[in-house]
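Chemist: Using only what follows, build the 3D model:
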Amino acid sequence: MNNNNNRSSKILFWNVRGINSQEKWDAIRDKILESACQVVCLQETKRESFDNFYIKMFCPRNLDQFAYSPSVGASRGIITIWNSSLFDGSVVHINSYAMTVKLLCKLDNKIIHLTNIYGPASSPQKMGFITWLMNFDTSDFDDWVLGGDFNLIRYPENRNKPGGDQTEMNLFDEAISDLDLVDIPFSGRNYTWSNMQNDALLVKLDWIFTSASWTLSFPATFVQPLSKPVSYHIPYVLHIGSSI
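Modeler: I've put the predicted structure just below:
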């Protein structure tokens, strides 16, 4: 990643709860421009296919390469989009939970692996997701970041109200520990999702984790939450290689 002039590379993450309306296109474009990101990771697209024409509905011209996992009917779906003048990208893994893209930065020839996550919402499927995560082969990943909507919490304090499945919490936390991942905190924000009720339930369902080696390669990495125009989830930006 290019660190010249103290500039950072930026990755925008967001569960958009559907990407099939002018309102969503405008909101996504606004957050891309606000964040000045070079890579975008979206979850819950609720769309079965993408092409270059459709990408232009919500992406500036410089974000021109992409890979996606299709929705299943009107649910799920993830897409990762990047600037091809800055990165060579190739998909190294894809399933219904996640997609991993290998990004080669053309400015300094550094390689990162980026995993865009959308965990299932139902409890039986969550067990399958956690099992997959625990057994995910990352032996070829050095500088690795995974982020998105995991639909899981690690600790009871990741909710503003009592509740949550303690078994799921324990297994999720165990998976993170087994993979030797580093939890990158969200600056000034404890929760990432709201049910939008008057007496709102607030939960941290969105996470950014990195490999241990990442913290040596990019020690100034941080996450910046953004304001939420649509969707129940906040958008947030991973800054790589620059201090706040």
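
Chemist: partners of the residue nearest to the spatial centre of the chain in the sheet?
Modeler: Residue closest to the average C-alpha location in the chain (Cα atoms, centre = their mean): Gly148, at 2.9 Å. For Gly148, the beta-bridge partners are Ile117, Trp207 (DSSP bridges).

Chemist: so it makes contact with Thr100?
Modeler: No: with contact defined as Cβ atoms under 8 Å, Gly148 does not reach Thr100; the gap is 11.5 Å. Quick note: C-beta positions are derived from backbone N, CA and C, even for glycine.

Chemist: residues bridging contact with those two, i.e. touching both?
Modeler: Taking Cβ atoms under 8 Å, 6 or more residues apart in numbering as the criterion, Gly148 and Thr100 both touch Thr115, Asn116.

Chemist: quick one: low-confidence parts of this protein?
Modeler: Where the chain drops to pLDDT under 70, the residues are 1-7, 242-244.

Chemist: redo that, cut-off 80
Modeler: Along the chain, the model assigns pLDDT under 80 to residues 1-8, 73-74, 230-231, 241-244.

Chemist: Helices of that one, start to end?
Modeler: All helices of the chain, identified by DSSP state H, fall at 22-35, 52-55, 123-134, 166-178, 212-217.

Chemist: and of those helices, who's closest to Ala67?
Modeler: helix 52-55 (11.3 Å; Cβ to Cβ).

Chemist: can you list the residues that contact that closest one?
Modeler: Leu63, Asp64, Phe66, Ile81.

Chemist: What is the neighbour count of the first one?
Modeler: Applying the criterion other Cβ atoms under 10 Å, we find 21 residues in the vicinity of Leu63.

Chemist: tally of neighbours for the nearest residue to it once chain neighbours are set aside?
Modeler: Nearest residue to Leu63 in three dimensions, chain neighbours excluded: Ile81, at 5.0 Å (Cβ to Cβ, 6 or more residues apart in numbering). Neighbour count for Ile81, taken as other Cβ under 10 Å: 26.

Chemist: repeat for Ala74
Modeler: For Ala74, using other Cβ under 10 Å, the count is 11.

Chemist: now swap in Phe87 and tell me
Modeler: 23.
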